[in-house]
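Colleague: Just to be clear, the model below is a prediction. Sequence and coordinates:
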Amino acid sequence: MTTALKLQMSDNLYLRDPQETALGKKIIQHSIKMVDELGLESFTFKKLSVAIDSTEASIYRYFENKHKLLVYLITWYWNWLEYSIDIETRNIEDPKEKLSKVLCLITEKKGQDTFFPDVDETALQRIVISESDKTYLTKQVDLDNNEGLFRGYKSLCAKIAHIVLEINPNYEYAHSLVSTSLQAAHQQVFFAKHLPALTDFSVSNENIYGYNFNFIKQLILKAIQK
């Protein structure tokens, strides 16, 4: 039997840790399903309360509002990616090989991680692709940043930027390149599905994630070549 793991999340992301209770886990499970199906704009705590057979008040004991819930979900995904990178690259010494593995993990289509059975990573990846920009494109971004809500994303970027600098220590724009590439990795899939004139990828191509990997890898390696 696989033992479920728990990711460390910032206390500022929630009012009560949803990973600690059955109701909290239910809130996470159903919010992922509903945000994936409805989109953030149509998603409400009232609809969520009906889905989990509870009350809106019980959800508000865990999250201040749906923006904070979305930030929690997206941050969980970044933390999970960083955890996966640590596991998958622990025995890789060559930085170029390590970078290739990291980019594969970032761009591949996600399946269920049995170590985290309460989270549908496939649906969560779709949410990251379509909704992640909404976590920081807000008027309260500075306040959220001061509270450490984007620490997971910044930690992931820093980890990959470190690998870039292992390959080329003289490259000046490692963090800019990595954050741009992370954003592009998700935007290109979104564009292929909804704004095809903005990409060369096609949803009709079954290997869209493979093409995305090749694009992002080429983008980074071309930029940092000595």
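Modeller: That came through, no problem.

Colleague: I'd guessed residue 124 sits against residue 113; true?
Modeller: No - contact criterion CB atoms under 8 Å: residue 124 and residue 113 do not qualify, at 10.1 Å. To be clear about C-beta, it is placed using only N, CA and C from the backbone, and glycine gets the same treatment.

Colleague: what about the two, which has more around it?
Modeller: residue 124 (22 against 16; other CB atoms under 10 Å).

Colleague: Now do the more buried one, the pLDDT please.
Modeller: Model confidence at residue 124, given as pLDDT, is 98.

Colleague: Buried ones in whichever helix or strand it is part of, by neighbour count?
Modeller: Element membership for residue 124, per DSSP states H and E: helix 121-131. The neighbour-count check on helix 121-131 (16 or more other CB atoms under 10 Å) flags 121, 123-131 as buried.

Colleague: wait, which of these is closest to residue 202?
Modeller: Nearest to residue 202 among the buried residues of helix 121-131: residue 129, at 15.8 Å, using CB to CB.

Colleague: Contacts for the helix holding residue 124, please.
Modeller: Residues from elsewhere that reach helix 121-131, judged by CB atoms under 8 Å, 6 or more residues apart in numbering: 32-33, 35-36, 39-40, 70, 73-74, 76-77, 80, 109-113, 186-187, 189-190.

Colleague: Are any of the residues you listed buried, and if so which?
Modeller: Among the contacts of helix 121-131, those classed as buried by neighbour count (16+ other CB under 10 Å) are 32-33, 35-36, 40, 70, 73-74, 76-77, 80, 110, 113, 186-187, 189-190.

Colleague: related to what we said a few turns ago, please list the members of the contacts of helix 121-131 that lie in helices.
Modeller: 32-33, 35-36, 70, 73-74, 76-77, 80, 186-187, 189-190 (DSSP state H).
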